[in-house]
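Undergrad: sequence first, then the predicted structure:
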Amino acid sequence: MNPLNLLDNLNEPQQQAVLATDTALMVLAGAGSGKTRVLTRRLARLIHQGEAGVGEIMAVTFTNKAALEMRTRITELLRMDESVARRMWIGTFHGMGARFLRTHAEVLGFDPNFVILDSGDQQRLIKRLSEQMGFVDPYWTYKRLASSIGRWKDDGLGPEDLATTRLRSSRELQRLSDFYAAYQDELRRMNAMDFGDLLSNCLKLWDRAPELLTGYQRRFRHLLVDEYQDANKVQYDWMRRLAVDGALCVVGDDDQLIYSWRGARLDNILKFEEDFPNARVIRLEQNYRSSGNILRASGGLIDHNIGRKGKTLWTSGQEGALLELYVAEDGEDEARYVTREIMRLVPGQSFHDMAVLVRTSSQTRLFEQAFHEFGIPYRVSGGLRFMDRAEIKDAVSYLRLAHSMRDDLAFDRIINVPSRKLGPKALEEIQRAAAGGSLMDGARRVLETRGLGPAALGQLQKFVDLVDRAHALLEVAHPVEVLDRLLEESGYMEALELEERRADMRENLRELRVFLSQVDDLGAFLERAALEADPPGTEQREDGVSRVVISTLHAAKGLEFPVVFLVGLEEGLLPHKMAVDEGGQAAVEEERRLTYVGMTRARERLFLSHARVRRMFQRLEPVIVSRFLKEIPTGTIRKRETVITARRGVGIPRPRRRF
């Protein structure tokens, strides 16, 4: 391939971002400015020009989908063999962390086949520990404990560091510190890590064995980081320690930072040039997605934020239609308005060309109800993941226990799936017999001591024998065969016949077999399953029907649609009440960024709406129009209102002058 081809169809700033390799680089990539093209072309050029080998570049992003797209594009650009492509270090932060730790787990006292807990596993472990420790607090629910521990790890805080957090009292501080420490001890006993550990343990690894860090710094001559604005403290420390000299290239957009509640820090962008004094900054401002009018409106809004580096998006495309603002009588009228507009736009537009974006998931009900009434097909974005379906988690838990008999969470999930009539007393006896070991160890001791009744002992013996046979079979057979044997011999498939949705469950299990058949290493499969990488094509199953998408603004990031309805532009909704009341100016600026993200999802048409009154706790309450609407430049929007008639709730759209 002629290397000049890698610069074809790139504008001048994009070409500069592809070619600049002499120092640390930050690419400020505005919405729709072609950042993925720049990243993939840059990486492909480094390999093609011989500036770095396939295994000497690491590219890190935040989702498996984005990593797969990057790998696919580079493979196609370089016409690379699949065997060569597999040597590229392209993946998520957590995936890369797991890869390091699998190789060096013994340094930290773990076995290389450590279990990675997903969020459900984590909450079950916290529930069990809470019960054992008598940790009862109506505020500190299992979900809040799991979320807080995750946030502490993202901020680089261990159990001994909680004094720096905003806790209510010294007593609460001590209780939480003790619980956090017990949680970490239990993870180590189980040979397990949660998501936060996959990065924080890398930092511990490099502290304990600095020669390993030095080796990786020499190996990775270039480190590329996508969606840089979403990095939390530990991710930032991880990348900064791994990159040396001019090896680092980050791509991000300070105007699209909407995940501070996950630990994302705006300072990562604002202070990049302080942290890397010789760094170069390149702005990608030409937008290839939205019409000129949408860009002027969204740009005028985001200009009101103080905490930003600053850039102005523009397009060489058409100006497009004005934004339309509808002032609805109430929430029901707003939903009817969106429904009417969708029906008016069809058949000129397909249903799948349109999206309704809301601030909170509770807003979707009215739109689902209206769409159902008028026969508009729709789907709610962010539904249950394939890997989170009960039958999939059951099957994967059987495999996990066969793979690692120290996996207590897998044992706990499947010991009575299908029912073996091992009641609470039997499970308590197994836990008591474990005495610091695994639950499988406890089960074996109960069998040796005959610590249960004959019927329960018989069921427990069958279960232990099944897991032992599966463990031995993994040495000589493909994991698919092991899964089939486990599901049949456990009675799971027979019990499935009693389930109401058995056809869907069987189909899901067939999909799992296909996914599993593509790997030879069960450990790699289990890691991928834990890191939320759904099998290709199963993330959101489609049935070929064109559907309107209903999505929260957070879930819509990264998507685009010809037509977008951004609804509920009211104080208390957008910006959200919690941001206004508790978060201060920084939180309001994030809500403004969230609105900006929603507006820039639209390519051709953008419809905005708010209500005069909204139902709150069974009462209609007056609302105040969002401050963000007042910040959209005059001349980019036209207003429409309802004319309230004698029949309550009937609204007739009436065009109004621009404002």
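TA: Sure, I can see it. Residues are numbered from 1 along each chain as shown.
Undergrad: quick one, helices of the stretch 101-250 of the chain?
TA: Counting by DSSP state H, counting those that start in this stretch, the segments of the stretch 101-250 of the chain that form helices are 119-133, 142-154, 170-189, 195-208, 210-219, 233-242.
Undergrad: how about those in a markdown table, adding mean pLDDT and mean neighbour count?
TA: C-beta coordinates here come from the backbone N, C-alpha and C atoms, glycine included. Converted to a markdown table, the helices of the stretch 101-250 of the chain look like this (pLDDT from 0 to 100; neighbours: other C-beta atoms under 10 Å):
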| stretch | mean pLDDT | mean neighbour count |
| --- | --- | --- |
| helix 119-133 | 90 | 17 |
| helix 142-154 | 92 | 18 |
| helix 170-189 | 92 | 16 |
| helix 195-208 | 95 | 21 |
| helix 210-219 | 94 | 13 |
| helix 233-242 | 93 | 20 |
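Undergrad: pLDDT below threshold where in the protein?
TA: Counting by pLDDT under 70, the low-confidence segments of the chain come to 1-4, 167-168, 245, 382-385, 532-544, 617-618, 641-659.
Undergrad: rerun that using 50 as the cut-off
TA: Residue ranges of the chain with pLDDT under 50: 1, 3-4, 533-541, 643-659.
Undergrad: hang on, isn't Leu466 packed against Ser490?
TA: Yes. At 5.9 Å, Leu466 and Ser490 qualify as touching, with contact defined as C-beta atoms under 8 Å.
Undergrad: which of those two has more residues huddled nearby?
TA: Neighbour tally, Leu466 and Ser490, criterion other C-beta atoms under 10 Å: the higher count belongs to Ser490, 22 against 18.
Undergrad: residue contacts, that one?
TA: 398, 414, 418, 463, 466 (C-beta atoms under 8 Å, 6 or more residues apart in numbering).
Undergrad: re the thing from before, make CSV from the helices of the stretch 101-250 of the chain and add distance to Asn293 to it.
TA: Below are the helices of the stretch 101-250 of the chain laid out as CSV (distance: least, C-beta to C-beta, whole Å):
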stretch, distance to Asn293
helix 119-133, 41
helix 142-154, 39
helix 170-189, 51
helix 195-208, 41
helix 210-219, 48
helix 233-242, 37
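Undergrad: which among those helices is found nearest to Gln349?
TA: Ranking the helices of the stretch 101-250 of the chain by proximity to Gln349 (C-beta to C-beta) places helix 119-133 first, at 37.0 Å.
Undergrad: kindly export that closest one (C-alpha atoms) in PDB.
TA: Taking Å, rounded to 0.1, in the frame of the first residue of the first chain, the C-alpha atoms of helix 119-133 are listed here in PDB:
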ATOM      1  CA  SER A 119     -21.400  -6.200  38.800                       C
ATOM      2  CA  GLY A 120     -23.900  -8.900  39.700                       C
ATOM      3  CA  ASP A 121     -21.200 -11.100  41.300                       C
ATOM      4  CA  GLN A 122     -19.900  -8.100  43.200                       C
ATOM      5  CA  GLN A 123     -23.300  -7.300  44.700                       C
ATOM      6  CA  ARG A 124     -23.900 -11.000  45.700                       C
ATOM      7  CA  LEU A 125     -20.500 -11.100  47.400                       C
ATOM      8  CA  ILE A 126     -21.300  -7.800  49.200                       C
ATOM      9  CA  LYS A 127     -24.600  -9.200  50.300                       C
ATOM     10  CA  ARG A 128     -23.000 -12.300  51.700                       C
ATOM     11  CA  LEU A 129     -20.300 -10.300  53.600                       C
ATOM     12  CA  SER A 130     -22.900  -7.900  55.000                       C
ATOM     13  CA  GLU A 131     -24.900 -10.800  56.400                       C
ATOM     14  CA  GLN A 132     -21.700 -12.400  57.900                       C
ATOM     15  CA  MET A 133     -20.400  -9.200  59.400                       C
END
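Undergrad: now for it, which elements pack on it?
TA: Helix 119-133 makes packing contacts with helix 142-154, helix 170-189, helix 408-414 when contacts are defined by 3 or more C-beta pairs under 8 Å, 6 or more residues apart in numbering; DSSP states H and E.
Undergrad: about what we covered before: now, the contacts of Ser490 that are in strands?
TA: Secondary structure from DSSP state E places none of the contacts of Ser490 in strands.
Undergrad: buried ones among those residues?
TA: 398, 414, 463, 466 (16 or more other C-beta atoms under 10 Å).
Undergrad: my read: the second one touches Ser397, true?
TA: Yes. Taking C-beta under 8 Å as the contact criterion, Ile414 and Ser397 are neighbours in contact, 4.8 Å apart.
Undergrad: re the thing from before, to Glu51, which of the helices of the stretch 101-250 of the chain lies closest?
TA: Of all these, it is helix 210-219 that lies closest to Glu51, at 14.5 Å by C-beta to C-beta.
Undergrad: off-centre distance for the closest one?
TA: Centroid separation between helix 210-219 and its chain, computed with C-alpha atoms, centre = their mean, to the nearest Å, is 29 Å.
Undergrad: which residues sit against it?
TA: If you take C-beta under 8 Å, 6+ apart as the criterion, helix 210-219 is touched by 55-56, 100, 104, 107, 205-206, 241-244.
Undergrad: just those residues now: which is nearest Glu448?
TA: Set against Glu448, the nearest of the contacts of helix 210-219 by C-beta to C-beta is Val107 (35.5 Å).
Undergrad: what's near enough to touch that closest one?
TA: By C-beta under 8 Å, 6+ apart, Val107 lies in contact with 205, 208-209, 212.
Undergrad: try 10 Å this time
TA: Neighbouring residues of Val107 by C-beta atoms under 10 Å, 6 or more residues apart in numbering: 101, 201, 204-206, 208-209, 212.
Undergrad: how close does the most centrally placed residue in the chain get to Asp226?
TA: The centroid of the chain falls nearest to Thr63 when counting by C-alpha atoms, centre = their mean (6.4 Å). Thr63 is 9 Å from Asp226, where distance means C-beta to C-beta, to the nearest Å.
Undergrad: now the common contact residues for those two.
TA: Thr92.
Undergrad: distance of Arg73 from Arg603?
TA: Distance from Arg73 to Arg603, by C-beta to C-beta: 21 Å.
Undergrad: which of those two has more neighbours?
TA: Taking neighbours as other C-beta under 10 Å, Arg73 and Arg603 compare with Arg603 leading, 20 against 17.
Undergrad: many thanks, we can stop here.
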